[in-house]
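> Any chance you can model this:
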Amino acid sequence: MARLENPPTKPYLARGAGVTRCDACRVPETACICSYKEEHQAQVEFWLLMHRYETFKPTNTGRLVKACLPSTRELVWQSRTDPGEVLGALLENPKYQPILVFPESDDYQHRMVQPSEIKSREGVIPALILLDGTWRQARRMFRHSTYFSDLPVISLSQARETSYSLRKSIHEGQLCTAEVAIGLLEELDEVPAAEGLARYFERFNNHYIATRRRWARR
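Model prediction:
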């Protein structure tokens, strides 16, 4: 995990904060899902750009993407004007074609690309940037990060319903980070990777819900 340059001023004290968790999957140790992890390769990379508060949350699903697709990069969003040393270097690296993942809008329609247009060219890897945080945090990261202003944007071409039940969605049709990654992999014909991540996500969802029910009975 990247070191946080701007750590939160308060410790993470949300529900379940005192539970002993697996360091990798962050599910309580009694329900660890690491043995179900499937590793896959794909012709695209994911860059997981996490809001600094998201890194502490055990309900975060971005780490599932990293677990199943080891080429995924985990980065912490720094500020609106400074991408940080690592992300800044990646954005300038001609080896990659960075593409922001965000819902479609008329405001930036000229920047939108379709999944069918995303193909690996020789020596160039499509890098899909997942903004990992609450809806408000992700929108702020997208709209106010000056270094993203000229990047192409991709969104899922078909509406999907979420099966993620650990957090409440603000808007109808809103998906968690892992579900967005699964949908993009499907639309990019990366079927084995999509199916493997989907199975791991389902396992995470079910095991986490089961442990919450145990807390409720105590």
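
> Could you pick out the longest helix of this protein?
Using DSSP state H to define each element, the chain has its longest helix at helix 191-217.

> isn't Phe148 right up against Ile99?
No: the criterion here is CB atoms under 8 Å, and Phe148 misses it with Ile99 at 10.5 Å. In short, each C-beta sits where N, CA and C put it, glycine included.

> Common neighbours of those two, please.
Both Phe148 and Ile99 are contacted by Ile129, under the criterion CB atoms under 8 Å, 6 or more residues apart in numbering.

> in the longest helix of the chain, what counts as buried?
With burial defined by 16 or more other CB atoms under 10 Å, the residues of helix 191-217 counted as buried are 193-194, 196-198, 200-201, 203-205, 207-208, 211.

> just stretch 19-27 next, same as before
Buried residues in stretch 19-27, defined by neighbour count with 16+ other CB under 10 Å: Arg21, Cys25, Arg26, Val27.

> which two from these end up farthest apart in space?
Greatest spacing in the buried residues of stretch 19-27, by CB to CB: Arg21 and Cys25 (8.1 Å).

> Output the lowest mean pLDDT helix or strand found in the protein.
helix 191-217 (a mean of 80; mean pLDDT, DSSP states H and E).

> Now do the longest helix of the chain: distance to the chain's middle.
How far helix 191-217 lies from its chain's middle: 16 Å, per CA atoms, centre = their mean, to the nearest Å.

> Determine the set of other helices and strands touching that helix.
Packing partners of helix 191-217 (3 or more CB pairs under 8 Å, 6 or more residues apart in numbering; DSSP states H and E): helix 62-68, helix 177-187.

> got the angle for it vs helix 177-187?
160 degrees (axes from the mean of the first three to the mean of the last three CA atoms, to 10 degrees).

> just for the protein, where's the confidence low?
Along the chain, segments meeting pLDDT under 70 span 1-18, 120, 159-161, 163-173, 210-218.

> Which parts of it are strands?
All strands of the chain, identified by DSSP state E, fall at 45-50, 73-76, 96-101, 112-113, 125-132, 153-154.

> now these in JSON lines, with mean neighbour count?
Below are the strands of the chain laid out as JSON lines (neighbours: other CB atoms under 10 Å):
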{"stretch": "strand 45-50", "mean neighbour count": "24"}
{"stretch": "strand 73-76", "mean neighbour count": "18"}
{"stretch": "strand 96-101", "mean neighbour count": "20"}
{"stretch": "strand 112-113", "mean neighbour count": "15"}
{"stretch": "strand 125-132", "mean neighbour count": "23"}
{"stretch": "strand 153-154", "mean neighbour count": "22"}
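
> and the ones you listed as a markdown table, adding distance to Lys57?
Shown next, in a markdown table, are the strands of the chain (distance: least, CB to CB, whole Å):
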| stretch | distance to Lys57 |
| --- | --- |
| strand 45-50 | 10 |
| strand 73-76 | 13 |
| strand 96-101 | 19 |
| strand 112-113 | 30 |
| strand 125-132 | 10 |
| strand 153-154 | 25 |
